[in-house]
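In: Quick one, what's the 3D model for this:
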Amino acid sequence: MSYIAVIGAGSWGTTLACLLAEKGYDTSLWVYEKDLCAEMRSTRINSVYLPGFSLPDTVTITDDLGAAVDKARYILTVVPTQYTRAIIQQALPSIHPDAVIVNASKGIERKTLLTVSSILREITTHKVAVLSGPSFAQEVIRKLPTAVTLSCKDVSASLLLQEIFNTLYFRVYTHTDILGVELGGALKNVIAIASGIGDGLELGFNARAALITRGLAEIKRLGISMAAEEHTFSGLSGLGDLLLTCTGSLSRNYTVGKKLGQGMKLTDILSQTRSVAEGVATAESAFELSRKYAVQMPIV
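Out: Numbers count the residues shown, from 1 in each chain. Purely as a prediction, here's the structure:
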């Protein structure tokens with residue numbers, strides 16, 4: 001029960017691995033880049049995605065996916081959505097039959113138009129949960145107050161996961177609407193790009209407030225059409241995450257948008273960082289979903 005695997009060593013995956021290890025769980029962190037993995041083992045610092053913070057000694061750093069997950073009772077997938085399917089399929093032979101997979105990524109897969117939990121249910125029978133909400137990694141790693149949502153259809157599993165993640169500074173609320181939680185987390189990234197564009201064009205605070213408000217309306221319209229619960233979008237994984245990502249300079253998606261608004265080309269912006277702005281790919285998926293469900297989403 002004490003073994004937890006975190007798949008993906010970006011800023012959020014590294015932060016969650018630190019949080020869990022500090023709570024006393026034996027935590028493994030899978031790093032995709034072999035050179036970064038070697039460096040992290042040596043220095044105990046993720047210099048690429050989370051510089052300046054040391055990983056606890058109880059975090060096992062590895063680039064061996066099978067070794068990372070084989071003992072884990074809980075597996076967090078924190079890889080970009082477009083790579084989730086391939087990576088989890090690769091890991092499946094080593095995953096314990098009773099393991100619970102928790103998605104902590106925010107996106108919608110291209111072509112299939114599936115959220116991560118839907119991808120997981122398509123390729124595996126493991127129990128699935130979702131961790132989402134307004135949570136910049138750089139603030140969580142500094143132990144600044146944060147509240148998020150943990151969504152799972154199984155109430156007992158949800159309460160257990162809530163206890164696993166809860167700390168004095170990281171408050172976890174439970175929910176059962178997995179689809180709504182994931183749609184809120186994914187679609188807010190698209191609206192955040194639009195918000196950044198507006199700020200890059202210096203359109204003002206009035207325009208930003210209008211954009212966020214109408215952006216939430218678009219997210220809610222699509223979510224309801226897809227059978228998500230309307231009230232979910234008024235919570236942490238909806239309005240909360242939207243507000244943070246559309247206004248915070250730490251947001252990758254907002255930053256991409258702002259640079260676009262200032263006149264940079266998207267290819268140049270994306271080439272400047274190794275971090276992934278999920279909203280770029282999700283914008284295409286959201287547009288296709290709006291057509292599929294005949295929902296008006298002009299901002300998207």
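
In: how far is the top helix by length along the chain from where the chain is centred?
Out: Assignment by DSSP state H gives helix 178-200 as the longest helix of the chain. The chain centroid and the centroid of helix 178-200 are separated by 12 Å under CA atoms, centre = their mean, to the nearest Å.

In: Report the buried residues of it.
Out: The neighbour-count check on helix 178-200 (16 or more other CB atoms under 10 Å) flags 178-200 as buried. For every residue, glycine as well, the C-beta is placed using N, CA and C.

In: helix/strand/coil for the residue nearest in space to the middle of the chain?
Out: By CA atoms, centre = their mean, the mean C-alpha position of the chain lies nearest to residue 105, the distance being 2.7 Å. The local conformation at residue 105, judged by DSSP: H, G, I helix; E, B strand; the rest coil, is coil.

In: Run through the residues that contact residue 53.
Out: Residues in contact with residue 53, defined by CB atoms under 8 Å, 6 or more residues apart in numbering, are 14, 18, 45, 46, 141.

In: count of residues packed around the second one?
Out: This means residue 18. Close neighbours of residue 18, defined as other CB atoms under 10 Å, add up to 24.

In: do you know how far it is from residue 5?
Out: To residue 5, residue 18 is 14 Å away according to CB to CB, to the nearest Å.

In: same deal with the third one?
Out: Residue 45 is 20 Å from residue 5, where distance means CB to CB.

In: got it, and the last one?
Out: Between residue 141 and residue 5 the distance, using CB to CB, works out to 19 Å.

In: Tell me which of residue 45 and residue 5 has more neighbours.
Out: residue 5 (30 against 15).

In: Using CSV, write out the CA atom coordinates for the helix or strand where the more buried one lies.
Out: For residue 5, the host element (DSSP states H and E) is strand 3-7. Extracted as CSV, the C-alpha positions of strand 3-7 are listed here (Å, rounded to 0.1, in the frame of the first residue of the first chain):
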residue,chain,number,x,y,z
TYR,A,3,4.3,2.2,-3.0
ILE,A,4,3.3,4.9,-5.4
ALA,A,5,4.6,5.5,-8.9
VAL,A,6,4.6,8.8,-10.6
ILE,A,7,5.0,8.6,-14.4
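
In: so what does whichever helix or strand comes after that strand touch, helix or strand wise?
Out: Following strand 3-7 in sequence order, the next helix or strand is helix 11-22 (DSSP H and E). Secondary-structure packing of helix 11-22 (3 or more CB pairs under 8 Å, 6 or more residues apart in numbering; DSSP states H and E): strand 3-7, strand 26-30, strand 50-54, strand 59-62, helix 137-140, helix 155-165.
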